[in-house]
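Student: predicted model, plus sequence, below.
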Amino acid sequence: MTTANKFDAQGTGLTTLASGNPDRPYDEISLSGKAFWSTTMDEREKSFAILRKERPITWQPPFEENLVPVEDDYGYWAITTHRHLVEVTRRPDDFLSGPGIVADNVPAELLEAAQSIIAMDAPRHTKLRRLMASAFTPKQMRRIDDQIKGNATKCVDNLIEKAKASPDGWVDWVAECGALLPMHNFNDMMGVPDGERQKATETMNIFMSWADDEVSGPTAEAKLGNMFNSLNWMHELAQKTVTERRANPTGDLFTSLAQAEVDGEKLTDHEIGSFFVLLTVAGNDTTRQSLAHGLRALTTHPDQRKWFMEDLEGRAQTAVEELVRWATPIATFRRTASRDCELDGVQITKGDKLIMFYSSANRDEEAIERPHELDLSRSPNPHISFGGGGIHHCLGNQLARMQLRALFIELLTRCPDIEAAEPELSPGSFFHVVKRMQCKPFPDTLSA
């Protein structure tokens with residue numbers, strides 16, 4: 001068996017990993033094609049449903065059109081059920097994050113500069129996550145609650161203003177509302193000034209859209225160039241900001257990172273820059289996609305919207321959980337086997353990649369009753385949109401919930417009849433991206 005690129009597995013002592021068995025037969029249902037990831041989640045669910053029922057762990061070919069072709073990349077194990085996904089996330093000694101968490105083959109330099117703790121294993125991950133967790137405690141979240149509500153009001157103000165200025169009342173939800181809320185809330189926490197926060201969000205959108213030719217470029221060379229340029233800009237912004245905070249501390253997250261110590265050592269500028277990249281992506285995309293898919297769901301399920309609007313404050317908690325499940329903003333995450341082991345009777349070889357399909361797990365009939373129905377009253381709701389537990393469970397999950405709650409309450413109070421058209425999706429196997437989606441805040445009239 002051949003071996004892939006060498007890497008340091010963060011304290012496990014592992015230095016090389018095999019990249020799969022060339023003699024394993026691939027499943028007849030392929031989850032790796034570009035065409036598969038250019039369809040809707042409903043279309044992909046047809047394949048997932050068969051696999052969950054008949055063969056929940058399958059060997060799949062490498063993803064098509066990887067950024068970096070790897071000669072001895074023979075494929076990956078597809079994890080399609082809720083229970084198997086949860087088990088993989090809760091076995092961090094067997095299934096590592098350090099080799100990377102995206103399904104595509106991406107240059108190691110890009111991963112190292114962008115993924116931070118999400119692609120670390122113990123013991124380094126444990127120490128740095130503990131440091132980051134201090135910014136997302138319930139106390140910290142309560143402290144910024146009014147700020148989140150204020151930003152929600154501003155975002156809906158902007159949407160209404162743009163709708164009034166539009167000849168037909170239709171505006172792009174993503175550009176004029178959905179993308180603005182997480183951008184402002186996250187950057188308020190970080191301490192990124194207005195102007196630069198817009199550039200940072202745009203830059204990371206380019207970085208994360210490597211599967212979308214319109215955004216990242218038509219060739220692998222163009223995509224890689226744009227990705228490296230995006231990371232360089234983000235790290236330069238982080239370094240400049242941290243230098244300022246060391247001289248003039250404030251109460252923001254950049255100041256906390258600048259002053260933090262791990263084992264008696266300050267974080268390096270590169271480590272802080274990598275944190276900033278990760279948090280910009282995680283702090284924007286998951287909330288942004290949940291808002292867009294959520295609004296579309298409220299449009300196509302008027303009975304559920306009506307139920308929610310009968311008591312917005314009282315029903316927001318379960319409604320938000322269901323809208324996040326319905327959206328499943330992150331489609332996949334990768335792990336890599338640290339050693340030969342077994343997963344529910346399937347023999348996994350050291351170095352094998354495992355891809356966890358969150359969009360499939362959130363429609364798993366064995367874990368979620370009536371999973372293909374939108375039910376805003378669903379409780380309990382065991383979705384795995386923030387991870388399946390384990391050491392990498394989403395740090396910002398409460399922040400995301402608070403933002404969704406604030407915006408949907410504000411929006412449905414002021415624009416109770418808002419309509420969302422069919423979204424334009426961005427291809428790709430990582431985020432469930434709504435690139436554009438027209439909406440009409442006041443279908444019958446433009447008066448506020």
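Tutor: Ah, there it is. Residues are numbered from 1 along each chain as shown.
Student: any idea how far residue 371 lies from residue 383?
Tutor: Between residue 371 and residue 383 the computed distance is 9 Å (C-beta to C-beta, to the nearest Å). The C-beta positions use only the backbone N, C-alpha and C, and glycine is treated the same way.
Student: okay, now residue 191: neighbour count?
Tutor: Residues near residue 191, counting by other C-beta atoms under 10 Å, number 18.
Student: any residues in contact with both of residue 371 and residue 383?
Tutor: In terms of C-beta atoms under 8 Å, 6 or more residues apart in numbering, residue 371 and residue 383 are both contacted by the residues residue 362.
Student: more neighbours: the two, which one.
Tutor: Neighbours were counted for residue 371 and for residue 383 using other C-beta under 10 Å; residue 383 has more, 24 against 20.
Student: for the nearest residue to the more buried one once chain neighbours are set aside, helix, strand, or coil?
Tutor: Nearest residue to residue 383 in three dimensions, chain neighbours excluded: residue 325, at 3.6 Å (C-beta to C-beta, 6 or more residues apart in numbering). Three-state call for residue 325 (DSSP: H, G, I helix; E, B strand; the rest coil): helix.
Student: again, but for residue 351
Tutor: Look at residue 351: counting by three-state DSSP, its state is coil.
Student: mind showing which ranges of the chain have poor pLDDT?
Tutor: Residues of the chain meeting the criterion pLDDT under 70: 1-20, 22, 445-448.
Student: can you pull out the strands in it?
Tutor: Ranges of strands in the chain, per DSSP state E, are 57-60, 76-79, 95-96, 171-172, 261-262, 265-266, 332-337, 341-343, 346-348, 353-357, 419-420, 424-425, 434-436, 438-440.
Student: touching, the residue nearest to residue 383 and residue 380? I think so.
Tutor: No: taking contacts as C-beta atoms under 8 Å, residue 325 lies outside contact range of residue 380: 11.4 Å.
Student: so which of those two has more stuff around it?
Tutor: For residue 325 versus residue 380, the count of surrounding residues by other C-beta under 10 Å is larger for residue 325: 23 against 9.
Student: how about the contacts made by that one?
Tutor: Neighbours of residue 325 in contact, by C-beta under 8 Å, 6+ apart: 362, 368, 378, 381, 383, 385.
Student: repeat that for 10 Å
Tutor: Neighbouring residues of residue 325 by C-beta atoms under 10 Å, 6 or more residues apart in numbering: 290, 358, 361-363, 368, 371, 374-375, 378, 381-385.
Student: could you do residue 374 as well?
Tutor: By C-beta under 10 Å, 6+ apart, the neighbours of residue 374 are 294, 297-298, 300-301, 303-305, 319, 322-323, 325-326.
Student: rerun at 7 Å
Tutor: Listed by C-beta atoms under 7 Å, 6 or more residues apart in numbering, the contact set of residue 374 reads 297, 301, 304, 322, 326.
Student: got it, and residue 333?
Tutor: Contacts for residue 333 (C-beta under 7 Å, 6+ apart) come out as 101, 356.
Student: hang on, the earlier thing: against residue 290, how distant is the residue nearest to residue 383?
Tutor: Distance from residue 325 to residue 290, by C-beta to C-beta: 10 Å.
Student: try residue 257
Tutor: Distance of residue 257 to residue 290, given as C-beta to C-beta: 26 Å.
Student: again, but for residue 182
Tutor: Residue 182 sits 9 Å away from residue 290, going by C-beta to C-beta.
Student: likewise residue 113?
Tutor: Taking C-beta to C-beta as the measure, residue 113 and residue 290 are separated by 27 Å.
Student: which of these two has more residues huddled nearby?
Tutor: Between residue 113 and residue 290, counting by other C-beta under 10 Å, residue 290 is the more crowded of the two (28 against 20).
Student: thought that one was touching residue 323?
Tutor: Yes: the pair residue 290 / residue 323 is scored as a contact, 6.3 Å apart, by C-beta atoms under 7 Å.
Student: quickly list what's touching both of those two.
Tutor: Shared contacts of residue 290 and residue 323 (C-beta under 7 Å, 6+ apart): residue 404.
Student: ok, residue 431 - how many residues close by?
Tutor: Residues near residue 431, counting by other C-beta under 10 Å, number 20.
Student: so it sits against residue 329, correct?
Tutor: Yes: here residue 431 reaches residue 329: they are 6.3 Å apart, a contact under C-beta under 7 Å.
Student: overlap of the contact sets of those two?
Tutor: The contact lists of residue 431 and residue 329 share 285, 289, where a contact means C-beta under 7 Å, 6+ apart.
Student: among the contacts of residue 374, which are located in helices?
Tutor: 297, 304, 322, 326 (DSSP state H).
Student: distance of the closest residue to residue 411 other than its chain neighbours relative to residue 26?
Tutor: Of all residues not flanking residue 411 in the chain, residue 156 sits nearest, at 5.5 Å (C-beta to C-beta, 6+ apart). Residue 156 sits 48 Å away from residue 26, going by C-beta to C-beta.
Student: between those two, which one's more packed in?
Tutor: Taking other C-beta under 10 Å, residue 156 and residue 26 do not tie; residue 156 has more neighbours (24 against 14).
Student: picking that back up, return a ChimeraX selection command for the buried portion of the ones in helices among the contacts of residue 374.
Tutor: The buried residues among the ones in helices among the contacts of residue 374 can be selected in ChimeraX (16 or more other C-beta atoms under 10 Å) with this line:
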select :297,304,322,326
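Student: which among the ones in helices among the contacts of residue 374 gets closest to residue 275?
Tutor: Closest to residue 275 out of those is residue 326 (30.0 Å), distances taken as C-beta to C-beta.
Student: could you check how far the closest one is from residue 234?
Tutor: Separation of residue 326 from residue 234 (C-beta to C-beta): 31 Å.
Student: what does residue 405 give?
Tutor: In this view, residue 405 and residue 234 are 29 Å apart by C-beta to C-beta.
Student: for these two, indicate the residue with more neighbours.
Tutor: A side-by-side neighbour count of residue 405 and residue 234, using other C-beta under 10 Å, places residue 234 first with 23 against 20.
Student: what's the burial count for the closest residue in space to that one that isn't next to it in sequence?
Tutor: Closest residue to residue 234 apart from its sequence neighbours, by C-beta to C-beta, 6+ apart: residue 277 at 5.1 Å. Residue 277 has 26 neighbours, counted by other C-beta under 10 Å.
Student: run through the residues that contact residue 109.
Tutor: Contact partners of residue 109, counting by C-beta under 7 Å, 6+ apart, are absent.
Student: please redo it, this time with the cut-off set to 8 Å
Tutor: residue 228.
Student: so it versus residue 44, what's the distance?
Tutor: Distance check for residue 109 against residue 44: by C-beta to C-beta, it reads 31 Å.
Student: contacting residues around the closest residue to residue 397 other than its chain neighbours?
Tutor: If the residues on either side of it in the chain are set aside, residue 397 comes closest to residue 386, at 4.1 Å by C-beta to C-beta, 6+ apart. Contacts for residue 386 (C-beta under 8 Å, 6+ apart) come out as 324, 393-394, 397, 400.
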